[in-house]
Each structure stands twice: as C-alpha cells, then as structure tokens.
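Engineer: got a predicted structure plus its sequence, pasted below:
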Protein chains: 2
Amino acid sequence: MTSAWPPRPSPVSTSASSSEVPVPETVASLSPDLARARFREGLRVPTSGWSAGWTQANLIAVPREQAYDVLLFAQRNPKSCPVLDVTEPGEVGCGIFDGDLRTDIPGYRVYEDGELVAEVSDVRDLWRKDLVAFLIGCSFTFEAALLEAGVPVRHVEVGSNVPMYRTNRPCRSAGSIGGPLVVSMRPMPADQVATAVRVTSRYPAVHGAPVHIGDPEALGITDLASPDFGEAVPIGDGEIPVFWACGVTPQAAVMQSRPPFAIGHAPGMMAITDARDSDYLVP
Amino acid sequence: MTSAWPPRPSPVSTSASSSEVPVPETVASLSPDLARARFREGLRVPTSGWSAGWTQANLIAVPREQAYDVLLFAQRNPKSCPVLDVTEPGEVGCGIFDGDLRTDIPGYRVYEDGELVAEVSDVRDLWRKDLVAFLIGCSFTFEAALLEAGVPVRHVEVGSNVPMYRTNRPCRSAGSIGGPLVVSMRPMPADQVATAVRVTSRYPAVHGAPVHIGDPEALGITDLASPDFGEAVPIGDGEIPVFWACGVTPQAAVMQSRPPFAIGHAPGMMAITDARDSDYLVP
C-alpha cells in the first residue's frame, strides 16, 4: 500500500524562499527545525501531520521542588506518561529537542496552583530558573504507521485536533502528584481494530497499544461529542471508538494536584523533536 | 523445541516439608514467595534460574535526597537502568514486590560515600526511614526465552554467576549521579547471535537487545577472564561474546558519584518479584 501520508496537504508558504512565488510545501515535509521556526514566529495550529517521521512530544514543566514527584508519577504511569527526555533546571532545550521550549511550541497553558491562568504562544517571560521540563511521548507519532497500515485517523481526515477525554480511572499517584488518566480517541471500523492494536503496540514509548476499545461509559466518558481537550470528530455507523493513553494526563494531574506553578503545551499542539519515530519502534 | 529450562536442577530440600525425606524440587519451580523465604532464611546464591517465569530485579536504594538524581539517571539510561518499580520513602515493599526488601534478597552491598563497607544477607538494621528503593530490570528475565530459542546461556550451563564488566562508556549523568555503563556477557556461536538479538529485543524493560557484539576492547574490557562482578565463564572456539546493558550500572554510579549512603543487591543475587516475565514482553 502506498503511503496515505500526509492526508492533509495544508500548503504553507516557504518564508525563506527568495523566489517571487513562494514554493508550496506540505507541513508533513518540514524538518523539525523549520517547523519550530514557524511556531516561533507565532503560528498556532495542532501539529498532527507535521514533520512526518519526527517524534512529537507533550510538555510539562514544573519547579525542581515538584520534579521528583512528576518524574515518579510518569514512571508509575508509563502508558500515559512515557518520558522521552528531561531538561536540566532552567534549561530550555535537551538532547532530543535542539530548540527553545519557551517559544518553539505552537501553544502553551500556564497553571498557578492548578488553575489555568493563561493560554499563550510564548512563555519566555514566565520561564523560571528552577523549572524542569519533561517531554512525554505523543500518540501522533504512530499515526503515520496507522495510515500506512490502512487504518483511518479521523481527526487527520477532517483536519481537526484529536479528541481527548478525562476518564474515571485514577493514575497511580506519586507524592504530591495524582490525577485521572486522560485518553485520546480514534474511531474506526471494527475490522481494523486488531490492526490498530498490532501497529501501535510496536510504539510503547508513545503510548503503545490502546487502553480501551469500545464503550466510552466504561471509562466514565458520557458524551464523545464533548471532549475535555481537542475537538470532537465524526464517528461512522458501525465504527468503534478506540482509546489510547494520552500525554495530557500530567496536565490533568496538575489541575487536580495543584502544584504552585506549571507550564504545559496546549493540547494537540506538540513539541516537534529531533528524535525519529523509528527510534521508538520495537520489533 | 521443548523447554531446556531449567538446565540446572539444583535440588534443594523443602524446609517446610514435614516428611522425613525432604521432597526434592528445582529452584526454577519455586514461587517468588517461597524463593524469598529461602533467602530470608539466609540462603546466599546467585538467582539465575530461580522461579522461572517470574521477573528478577536489581536493587539500588538511596536517601530521598538523592532519589531524583537516581531516578533521572535511570530515565536517561534506560538500556542499563529500566525502572520496574520505586518504593515510597522508608517502605520495604512495592507493587511488584510483596516481600521485605531488607531480608528477601540473597545478598546486599552497603556503600558509604561510594565505598563498599559491608556485604551482608540482611539489612534490617541499616534501612533508613528516608531510603527510596528502585527495582531495576534484570537480564536474567530473558534467559528462559534465550534457552527456549536454543541459544546457550553459558553461566547457566556451568552453574556460575554471570560475568559483568565495567566499560569505558559513560552513562548520561543526572545531577550528582554519573558513572560507566556496566554490561553482562554471554558467549555464543556466531550463527546464534541474530537469534539472541531478536529474542532479547522483545524485552526492552529488562535491558532489551545487546549493546555490543564482539570485540571486548571496543568497550574497554581488556580481559574477559577477569570480570568486575560475577564470575568468568568459558568461551568456546569460534564463539562471540555478546554484551547486554546491566542493572549493576547504578552501583557503579554510586561507587563513582559517592552519595552518602546506598544499598544495592550483591551482583547476580537478585530480588525475585511478583511480576511475570510476560508482563514485559513486547510484540
């Protein structure tokens, strides 16, 4: 099967081009460096489909005082919080992210005592010297593999953000940090669920296999049309909702556990890293 | 192929038996609970081959003050330090270990300022209220799978401890904790190396695929007959040494980084957990 990737061409102009007519290109073909430059310039969009082959990551940054609890929370909940990298206190880059975490993500959410106090596209004036940033694996990473295998990815088809839901399943807490599992949802025909499980199982570092297949109410989700984060997507007749653990889980934990300060990415607007999807593929 | 496991019957008497002639049994068939009881009674042996199907783990316990650095060190060096579970400060058990970490491991090493100050079989009088214990995956976990696949495991064949070596490869450090990669070595015929890679790749939580195949000097190992931990094993004509990252790496980091206090297991004498090997198998 030939690649259906990228299914959403979204041509953007090449600002670096000196020709009179900008060279059209798809966001899927942008290198991480060029993608981050767009976001640094202020572009504010969900990143699903961007920089195909390069791993995307969730951000959660907390003061060093809370860093052990957050890291242990991640270790205890590896399905939702697979840690890809951690910065030194105050630093704005790390091994897999050769950019500036304060500017190179399309959107940020800022929390004080667990309350969302700002949603901005630049946090340079909010970054603190004691902040430790965690990059957490993102399921966008395996979407190219799903599409290659012929599994539909609805939010990519319709060009929207992925729908995400708080569940009634508590994570294992760690010290001061605890909260509910958050999931992303992709609906698909019943005969493709097994393929989706098989394909995503090979990416344990970016949430791996689904945590739940079918009845949303078993997870305490009463209305698929009203996601807690992202956007609802259409579900066809006979399609089954499939749920994966989601890297927004640490933000839900921040909202419940109320550390004094935290910065996360805007859900669906990820850090595009310099790690390759294939780095996280297991046999 | 039928199971070659256990290749080392090592009959031990059933101390709980009330019959006059003790019932012989193999250590491979002991439940984790019964195995831990033997060690609690003082039996001091390497655990390779014990409790087949149950996951074995390395121990490193440090004061809460150093716990973030150790956890981050583990996160940054997942091949050598895959974290399976972490205790709450002062506790002596955790989710995957329903025993007493102070008594239920065959041997312990105690470090003060990075110096080995004691090697004992019980650390009840040394355990501190602020100690955090990390259970780190162990390559003994995939040895049953190697044997099932027809790959020889020499230290099991000859009934010795696995040979382990410090390498010249530095780990990524984390705060106050850094040190060299430690590896375990299993020699095998050249035509079985690919099988060994394929089989162990499926166990990323217990060191996964080898980190090096062949020339020991490339790792700075000058004499395979003089391991830094464990015991040397015979290497046959035409056999190739295959090296896996080893969970003794945190102890080498303790020796180099000199935290005020630490307790590790005696190399090769592991914590036998209540987790199943299959829990860590990826597709």
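Structural biologist: Sure, I can see it.
Engineer: what's the helix or strand harbouring A:M188 packed up against?
Structural biologist: Element membership for A:M188 (DSSP states H and E) is strand A:180-189. The helices and strands touching strand A:180-189, judged by 3 or more CB pairs under 8 Å, 6 or more residues apart in numbering or on different chains; DSSP states H and E, are helix A:154-157, strand A:164-170, strand A:239-245, helix A:249-257. In this view, the C-beta of every residue, glycine as well, is placed from N, C-alpha and C.
Engineer: buried ones in it?
Structural biologist: For strand A:180-189, the neighbour count (16 or more other CB atoms under 10 Å in any protein chain shown) marks A:P180, A:L181, A:V182, A:V183, A:S184, A:M185, A:R186, A:P187, A:M188 as buried.
Engineer: now for those residues, which pair is the farthest apart?
Structural biologist: The most widely separated members of these are A:P180 and A:M188, with 24.4 Å between them, by CB to CB.
Engineer: mind listing what's buried in stretch A:26-33?
Structural biologist: In stretch A:26-33, counting by 16+ other CB under 10 Å, buried: A:T26, A:V27, A:A28, A:L30, A:P32.
Engineer: as JSON lines, the residues you listed with secondary structure would be great.
Structural biologist: As requested, the buried residues of stretch A:26-33 are exported to JSON lines (DSSP: H, G, I helix; E, B strand; the rest coil):
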{"residue": "A:T26", "secondary structure": "coil"}
{"residue": "A:V27", "secondary structure": "helix"}
{"residue": "A:A28", "secondary structure": "helix"}
{"residue": "A:L30", "secondary structure": "coil"}
{"residue": "A:P32", "secondary structure": "helix"}
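Engineer: chain B: which of those residues is nearest?
Structural biologist: Set against chain B, the nearest of the buried residues of stretch A:26-33 by CB to the nearest CB is A:P32 (20.7 Å).
Engineer: by proximity to chain B, which residue of the stretch 101-250 of chain A wins?
Structural biologist: A:S201 (4.6 Å).
Engineer: wait, that residue touches B:L281, no?
Structural biologist: No: counting by CB atoms under 8 Å, A:S201 does not reach B:L281; the two are 10.7 Å apart.
Engineer: who touches the residue of the stretch 51-200 of chain A found nearest chain B in this structure?
Structural biologist: Nearest residue of the stretch 51-200 of chain A to chain B (CB to the nearest CB) works out as A:Y68 at 3.9 Å. Listed by CB atoms under 8 Å, 6 or more residues apart in numbering or on different chains, the contact set of A:Y68 reads A:G175, B:A67, B:Y68, B:L71.
Engineer: any idea which element it lies in?
Structural biologist: helix A:64-76.
Engineer: tell me the angle of that helix relative to helix B:64-76?
Structural biologist: Between helix A:64-76 and helix B:64-76, the angle comes out at 50 degrees (axes from the mean of the first three to the mean of the last three CA atoms, to 10 degrees).
Engineer: between helix A:64-76 and helix A:249-257, how many degrees?
Structural biologist: Going by the same axes, to 10 degrees, helix A:64-76 makes 120 degrees with helix A:249-257.
Engineer: which residues touch A:E239?
Structural biologist: Per CB under 8 Å, 6+ apart, neighbours of A:E239: A:P187, A:M188, A:P189, A:A190.
Engineer: likewise for A:A218?
Structural biologist: A:A218 touches A:H212, counting by CB under 8 Å, 6+ apart.
Engineer: for it, helix, strand, or coil?
Structural biologist: Here A:A218 is recorded as helix under three-state DSSP.
Engineer: same question, the one 4 residues further on
Structural biologist: At A:T222 the chain is in coil, as set by three-state DSSP.
Engineer: picking up where we left off before, run the chain-centre distance for the strand holding A:M188.
Structural biologist: In terms of CA atoms, centre = their mean, to the nearest Å, the centre of strand A:180-189 is found 13 Å from the chain centre.
Engineer: quick one, that strand and strand A:164-170 angle?
Structural biologist: Using the same axes, to 10 degrees: strand A:180-189 against strand A:164-170 is 120 degrees.
Engineer: mind giving me the packing neighbours of the strand or helix carrying A:Q56?
Structural biologist: Assignment of secondary structure by DSSP H and E places A:Q56 within strand A:54-63. Contact here means 3+ CB pairs under 8 Å, 6+ apart; on that basis strand A:54-63 packs against strand A:83-86, strand A:131-137, helix A:249-257, strand A:261-265, strand A:271-276.
Engineer: so where is chain A shaky, pLDDT-wise?
Structural biologist: A:1-25 (pLDDT under 70).
Engineer: and A:A57, bridged to which residues?
Structural biologist: Beta-bridge partners recorded for A:A57 (DSSP bridges): A:G137, A:A271.
Engineer: contacts only, for it.
Structural biologist: Contacts of A:A57 (CB under 8 Å, 6+ apart): A:84-85, A:96-97, A:135-138, A:247, A:270-273.
Engineer: next: A:T195.
Structural biologist: A:A149, A:G150, A:V151.
Engineer: separate out the buried members of those.
Structural biologist: Using 16+ other CB under 10 Å, the buried ones in the contacts of A:T195 are A:A149, A:V151.
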